[in-house]
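1. sequence first, predicted model second:
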Amino acid sequence: MPFPFFADEPSARVGFAGNRLDRLSEKRGDADWFARQLAVPDARFILYAGDRPVVSLRDAGRLTATHDRVVADRLGADLAAPVLLGFDTGSDLATDLPGATPWFAAETRLPPEAIEAEEREGGPFKLIDLRSLAMQGVLPAHEMGAIAQARSLLGWHESHRFCSRCGQPSRPAAAGYRRDCPACGAQHFPRTDPVAIMMVTDGENCLLGRQARFAPGMYSCLAGFIEPGETIEAAVRRETWEEAGIEVGRVTYHASQPWPMVSTLMIGCLAEAVTTEIRRDEEELEDCRWFSRAETRAMLDRTHPDGLFAANPYAIAWHLVRAWAGA
Ligand SMILES: [Zn+2]
């Protein structure tokens with residue numbers, strides 16, 4: 001039965017999208033089934049050393065972040081508590097269980113320094129941070145989605161080892177998608193933190209800002225965490241008001257992006273301004289201004305006369321800007 005995957009939508013074009021693993025979430029509660037998947041001889045493993053995935057060369061000089069069991073053992077993968085990411089549905093996008101290949105995520109017990117020392121001596125493995133991988137585009141798109149999924153889940157386990165209700169140690173369950181507390185019986189689930197990111201426009205102009213930590217010349221869409229009790233639209237209006245003093249009217253959804261630093265979901269919106277006078281939050285933003293459509297296109301193409309540019313193509317901000325500028 002084909003696993004549903006649709007490539008022709010804005011969310012499919014951002015970095016860390018393209019995850020085509022069939023998660024089979026309905027089976028996760030069966031511990032015996034999980035153990036059988038872990039024993040599948042050709043299972044693949046995404047391995048993290050700290051916050052960086054292990055990558056290696058595969059055929060035809062391309063890189064991969066999925067490894068076989070021999071590599072997982074060699075790097076000391078912690079297989080006591082791996083996360084089942086899902087089943088590779090292959091290039092034909094069809095799941096053919098039980099023949100499909102399970103993909104797992106695990107931490108390595110080898111410290112990052114040991115892997116780096118091996119690499120310096122010509123070893124086959126590299127550690128590359130997620131931003132660099134996204135920027136360089138050196139991994140297949142479907143692996144980028146899976147390494148994002150792996151990073152978020154492994155990061156959640158690492159920082160949620162104790163029950164938040166009673167403080168006792170909790171333990172992984174449901175193929176890595178839950179932690180159970182043996183002391184009080186509480187069940188804890190992985191979190192996803194929503195961030196609203198918005199392309200605020202006023203007719204032929206759009207509002208972009210820059211934080212002091214951005215690369216010189218880079219401008220991007222305003223963004224902020226959605227707070228408890230807020231709709232996406234309300235968060236877009238509040239953040240735009242707080243950061244730029246601009247009132248926003250109509251808000252429409254455009255696309256989303258998993259952002260694995262560590263568990264964020266970027267929710268990209270188009271937002272229509274109803275005022276134009278900027279009152280910038282000087283702590284949040286180093287600059288914030290209106291750009292014309294022509295200037296914005298030059299920023300996307302990196303032909304702006306002042307060297308200004310609009311985010312990076314792996315980031316949803318770039319796609320929001322392009323959706324409006326029509327470049
Ligand atoms: Zn507890």
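-> Happy to help now that I have it.

2. spit out the contact partners of the spatially most central residue of the chain.
-> Residue closest to the average C-alpha location in the chain (CA atoms, centre = their mean): Trp259, at 2.7 Å. Going by CB atoms under 8 Å, 6 or more residues apart in numbering, Trp259 touches 16, 148, 195, 265-266. For the C-beta atoms, the positions are set from N, CA and C on the backbone; glycine is no exception.

3. please repeat the previous calculation with a cut-off of 10 Å.
-> Listed by CB atoms under 10 Å, 6 or more residues apart in numbering, the contact partners of Trp259 are 14-16, 130, 134, 148, 152, 192-193, 195, 197, 265-266, 315-316.

4. show me these that map onto helices.
-> Those of the contacts of Trp259 mapping onto helices are 130, 134, 148, 152, 316, per DSSP state H.

5. partner strands of the helix or strand where Gly268 lies, with direction?
-> Per DSSP states H and E, Gly268 falls inside strand 264-273. Take DSSP bridges as the rule and strand 264-273 pairs in its sheet with strand 193-202 (parallel), strand 248-259 (antiparallel).

6. all strands for the stretch 151-300 of the chain, in order.
-> Assigned by DSSP state E, counting those that start in this stretch, the stretch 151-300 of the chain shows strands spanning 171-173, 178-180, 187-188, 193-202, 205-210, 218-219, 222-225, 248-259, 264-273, 287-292.

7. now these in JSON lines, please, with extra columns for mean pLDDT.
-> Shown next, in JSON lines, are these (pLDDT from 0 to 100):
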{"stretch": "strand 171-173", "mean pLDDT": "96"}
{"stretch": "strand 178-180", "mean pLDDT": "97"}
{"stretch": "strand 187-188", "mean pLDDT": "98"}
{"stretch": "strand 193-202", "mean pLDDT": "98"}
{"stretch": "strand 205-210", "mean pLDDT": "98"}
{"stretch": "strand 218-219", "mean pLDDT": "98"}
{"stretch": "strand 222-225", "mean pLDDT": "98"}
{"stretch": "strand 248-259", "mean pLDDT": "97"}
{"stretch": "strand 264-273", "mean pLDDT": "98"}
{"stretch": "strand 287-292", "mean pLDDT": "98"}
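
8. using CSV, lay out those strands together with distance to Thr303.
-> Output for the strands of the stretch 151-300 of the chain, formatted as CSV (distance: least, CB to CB, whole Å):
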stretch, distance to Thr303
strand 171-173, 50
strand 178-180, 50
strand 187-188, 49
strand 193-202, 20
strand 205-210, 16
strand 218-219, 15
strand 222-225, 24
strand 248-259, 24
strand 264-273, 24
strand 287-292, 14
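
9. as TSV, these with distance to the ion would be great.
-> Shown next, in TSV, are the strands of the stretch 151-300 of the chain (distance: least, CB to the ion, whole Å):
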stretch	distance to the ion
strand 171-173	11
strand 178-180	9
strand 187-188	9
strand 193-202	23
strand 205-210	43
strand 218-219	44
strand 222-225	27
strand 248-259	29
strand 264-273	26
strand 287-292	45
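
10. among those, which is nearest Arg279?
-> strand 287-292 (9.2 Å; CB to CB).

11. packing partners of the closest one?
-> Packing contacts for strand 287-292, counted by 3 or more CB pairs under 10 Å, 6 or more residues apart in numbering; DSSP states H and E, involve strand 193-202, strand 205-210, strand 218-219, helix 232-244, helix 293-301, helix 316-325.

12. quick one: average pLDDT of the last one?
-> Along helix 316-325, the predicted local confidence has a mean pLDDT of 96.

13. what angle do that helix and strand 287-292 make?
-> 30 degrees (axes from the mean of the first three to the mean of the last three CA atoms, to 10 degrees).
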